[in-house]
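Engineer: no sequence for this one, just the structure:
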DNA sequence: GTCTATAAAAGGATAGAC
DNA sequence: GTCTATCCTTTTATAGAC
């Protein structure tokens, strides 16, 4: 009799229940799955049912926490942007020579897009929607974009040191870098199909990482129109 | 009596009926509207009803001619690709100096993407679907991509003439050019929102057109790793 | 080849118990 | 906070007359 009672108390039922009732954990779980679903199929193509099925929780909870499909999509988008902005803000490049600093920054952007194709896809999807959701999101619109400040300082420094002969707009330079890194991932499938080339292959990856850095640097180092 | 008969023959009723029953005209009409609809809302987001409503014909005819929503989408995609390939194939650059030829080619790509945002959007959408439809389409996969041959010849010529000091892969150069031109249009909305900049403004357009050309040329003209 | 009406299915959202 | 069952709108697709 005593023995039976002890065994009952040792069962892990209660601890499991607490875990299941943790709101932050539930929300994060939903966001993880939703990120994959929307990145894979778009906003219209993504299925709330499919998300619920792959979650520890139910569809009801998605509506409970996020209100609607679009509310969930926006939460996914906000979280993804917060992550890349944090990464950019953590760069410490002030102690490096201008050209070295720029190479590190380009590699960081390049590697981020390579490592996070789901972010690249979400941004593509949001552009299909003309950035309508992002525009309404204070969170995203007001995320500090320190990368422009970083690039501006590098360009200034390079010009002062005499390494760079051009002095272009920092946002333009950021766009040039972003375009190349982003396109490689965003257009991987159509470009790869048409030109019969696997853009995810490791040798192409390292060649392209060097290529974009060389292109940006030779642009900055060359004389106007040459 | 004679007079009346002549007047009857001149009435345009019959000719109108023929026009309405012209299959090619009907198909082209459907494709025009479908291109706009899919480019605006994606494959899942695009509505067959919405297409039918903006067409001279009915929904029944869309299924009659194209079989399914996906069949229509694929037809739209095939037609868009055929158009840009035709444009590229018409370029006559052999008589120009290598650097001039490259500038013309870059401007052509740049202006094409600017003038055809619906094409850019369709390609973005097809990438969200991992190019699944394009892959199955013999028409698109086998469209001759003469642009690579064109770029390869320009690079060879530039190196022979001593203008270029690098000799990169032609597909890589094409990717570098495409990436910049494409990104400016495909990511116009998110990039514009975040950096508070209107990428469709005329002054930015011409500045960027020159910038991408300068970047590619200074890359080709610079020494390895410099 | 073309139209109207309708079937059939999918998918977003919610009711109500616990 | 969480679950099951279900409503109801939207949307793809087709039947059948002309």
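Structural biologist: The structure has been received and is ready for your questions. What you see is a predicted model; the values in this text were computed from it and never measured.
Engineer: Over to residue A:169: give its phi and psi.
Structural biologist: Residue A:169 adopts backbone torsions of phi -60, psi 140, taken as degrees, to the nearest 10.
Engineer: what about it, how many residues close to it?
Structural biologist: 16 (other CB atoms under 10 Å in any protein chain shown). Every C-beta, even on glycine, is put in place using the N, C-alpha and C of the backbone.
Engineer: So which residues on chain A come close to DNA strand D?
Structural biologist: Proximity of chain A to DNA strand D (CB under 7 Å from any atom of the strand) is limited to residues A:20, A:21, A:22, A:23, A:26, A:56, A:57, A:58, A:59, A:60, A:61, A:64.
Engineer: Among those residues, name the ones in strands.
Structural biologist: Of those, none are assigned to strands by DSSP state E.
Engineer: when you check DNA strand C, which of these turn up near it?
Structural biologist: Answer for the residues of chain A next to DNA strand D near DNA strand C (CB under 7 Å from any atom of the strand): A:59, A:60.
Engineer: In three-state terms, label the residue nearest to residue A:192 when sequence neighbours are not counted for me.
Structural biologist: The shortest distance from residue A:192 to any residue other than its chain neighbours is 5.2 Å, reached at residue A:199 (CB to CB, 6 or more residues apart in numbering or on different chains). Secondary structure, DSSP: H, G, I helix; E, B strand; the rest coil: residue A:199 is coil.
Engineer: so what's residue A:199 up against?
Structural biologist: A:184, A:185, A:188, A:191, A:192 (CB atoms under 8 Å, 6 or more residues apart in numbering or on different chains).
Engineer: Please give the centre-to-centre distance between the helix or strand where residue A:33 lies and its chain.
Structural biologist: Assigned by DSSP states H and E, residue A:33 falls within helix A:23-45. Counting by CA atoms, centre = their mean, to the nearest Å, helix A:23-45 is centred 14 Å from the centre of its parent chain.
Engineer: thinking in terms of the whole chain, how far from its middle is the very next helix or strand once past it?
Structural biologist: Following helix A:23-45 in sequence order, the next helix or strand is helix A:48-53 (DSSP H and E). With CA atoms, centre = their mean as the basis, helix A:48-53 stands 23 Å off its chain's centre.
Engineer: Tell me if helix A:48-53 is near chain B.
Structural biologist: No: using CB under 8 Å from any CB of the partner chain, helix A:48-53 never reaches chain B; the gap is at least 12.7 Å.
Engineer: Tell me where the model's unsure across chain A.
Structural biologist: A:1-20, A:225-226 (pLDDT under 70).
Engineer: tell me which parts of it are close to DNA strand C?
Structural biologist: So chain A meets DNA strand C at A:46, A:47, A:48, A:49, A:59, A:60, A:63, A:68, A:69, A:70 (CB under 7 Å from any atom of the strand).
Engineer: could I get these as CSV with neighbour count and distance to residue A:129?
Structural biologist: Formatted as CSV, those follow (neighbours: other CB atoms under 10 Å in any protein chain shown; distance: CB to CB, whole Å):
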residue, neighbour count, distance to residue A:129
A:46, 22, 13
A:47, 14, 17
A:48, 16, 17
A:49, 11, 21
A:59, 13, 23
A:60, 9, 26
A:63, 15, 21
A:68, 11, 15
A:69, 18, 13
A:70, 13, 10
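Engineer: show me what contacts the closest residue to residue A:222 other than its chain neighbours?
Structural biologist: Leaving out its chain neighbours, the residue that sits closest to residue A:222 by CB to CB, 6+ apart is residue B:218, at 3.7 Å. Contact analysis of residue B:218 by CB under 8 Å, 6+ apart lists A:215, A:218, A:219, A:221, A:222, A:226.
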